[in-house]
Every structure is written in structure tokens, then in C-alpha cells.
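A.B. asks: Here is my input, please return the structure:
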Amino acid sequence: MADKQQLNPMLKLALDIGPLILFFAANAKFGIYAATGAFMVAVLAALAFSYVMTRHIAIMPVITAIIVLVFGGLTLVLHDDLFIKLKPTIIYVLFGGVLLGGLAFNKQFLSILFDQMFHLTPEGWRKLTWRWALFFLFLSVLNEAVWRTQTTDFWVSFKLFGVVPLTMIFGALQYPLLMKYAVPEKKD
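C.D. replies: Residues are numbered from 1 along each chain as shown. Below you'll find the predicted structure:
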């Protein structure tokens, strides 16, 4: 079976962060409801573009898109920004819970997501999964604290200028683990 075609890492980053940047900009100019609608369209456009480029879609963006559409739709229909504020918490708890559940059943779901990029020993995958699961749960608590104590505009800004850098820093801090538990490449 041929390897799945992968997006250029910078293009993937743009597709991941682009809808959030649009959400931020639309919120600043038009408010949370217009921003929510723009975010929903942007998430779908990013999924479609990713599919056109690779002929497959990873499961995490699909789950995220479904939750964005459901909670964004509730936000717009009920004209209540509570739902779009809950969306990140639900996504983070879902991802963290699935990773922890996988560990409980000796399933390394993180290895399925990252296998194209990293080749780790089982112990490496287990440790990396624990770290990401706990990080997602931390983000869920952080999202709840921010949206419950700050203005909507602050929360929107925090999503882009707080969560994105935190995630990138956390990911970069995993480099020593990736090196320590990397499976050596086979020599011909």
C-alpha cells in the first residue's frame, strides 16, 4: 500500500490556523456571531482543500469540524455565544479522553495520527500519549477558566495568541522524548 500523500508542513499549519485567524479578524470587525459563521465556513474550506490536495482527511480535523459545525450552529441559531466557547473544551476533553482510553486498552491512538512523521518504540508512544492527553485536559481547564472570567473578545484573542503558541511550545518540548525513543532506521 502506498504512503498517503502528506501536505507540506507550512501548508498544513496554514490550514490548521487559518480558520482561527479568520475567526479572530471577523470577531474584531463584525462580532462573535459573524466570526462564528466565518469560522464554520473556513473549517469546511480547509477540510475540502486538504482532501483535494491529499485525497484523504485525517480523523482529528473531521471530528473538530463536526463539533465546530454543531456548536457554531447552536451559537448562531440560539444567538448564544456560550456554545462556541464550550466547543474547545469539548474538543480537548474528547481528544484527551480518547488518548487516555486508548492507553487503558493498550491502543496507541497517537501513533496512528503521527506514524507518518515519527517512528517510536512502544514505550515512547505510551509516554508521548500520556503527555498529549494531559496537555489536552489542561487546555480544557484553561479554556473554561478564560471564557468564564474574561470578555468574549479576550477569549477569542486567547484562542489565537495563547492556545496556539502554548501548543507549539508544548510540541517542541517533546523533541527530547522523540529523540530518546526513536526507532533506529533500518540500513540496507
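
A.B. asks: Run the chain-centre distance for the helix or strand V141 falls within.
C.D. replies: Element membership for V141, per DSSP states H and E: helix 122-149. Relative to the chain's own centre, helix 122-149 is displaced by 11 Å; criterion: C-alpha atoms, centre = their mean, to the nearest Å.

A.B. asks: Quick one: name whatever helix or strand follows that helix.
C.D. replies: The element immediately downstream of helix 122-149 (helix or strand, assigned by DSSP H and E) is helix 152-158.

A.B. asks: Report the buried residues of the lowest-mean-pLDDT helix or strand in the chain.
C.D. replies: Least confident helix or strand, the chain: helix 109-114 with a mean of 78, by mean pLDDT, DSSP states H and E. Buried residues in helix 109-114, defined by neighbour count with 16 or more other C-beta atoms under 10 Å: 109-111, 113-114. For every residue, glycine as well, the C-beta is placed using N, CA and C.

A.B. asks: show me what contacts W132?
C.D. replies: Contacts for W132 were tallied using C-beta atoms under 8 Å, 6 or more residues apart in numbering; they are 95-96, 99, 110.

A.B. asks: So G102 versus K180, what's the distance?
C.D. replies: Distance from G102 to K180, counting by C-beta to C-beta, to the nearest Å: 21 Å.

A.B. asks: between the two, who's got more neighbours?
C.D. replies: Per other C-beta atoms under 10 Å, whichever of G102 and K180 has more neighbours is G102, with 19 against 12.

A.B. asks: Read off the pLDDT value for that one.
C.D. replies: G102 is assigned a pLDDT of 94 by the prediction.

A.B. asks: which non-adjacent residue is nearest it?
C.D. replies: Nearest-residue entry for G102: F109, 4.1 Å, with adjacent residues in sequence omitted and distances by C-beta to C-beta, 6 or more residues apart in numbering.

A.B. asks: Could you report the distance from the one you found to R126?
C.D. replies: From F109 across to R126, the span is 11 Å (C-beta to C-beta).

A.B. asks: Return the residues in contact with the nearest residue to G162 once chain neighbours are set aside.
C.D. replies: Leaving aside its chain neighbours, G162 sits nearest to V146 (7.5 Å; criterion: C-beta to C-beta, 6+ apart). V146 sits next to 154-155, 158, 162 when contact means C-beta under 8 Å, 6+ apart.
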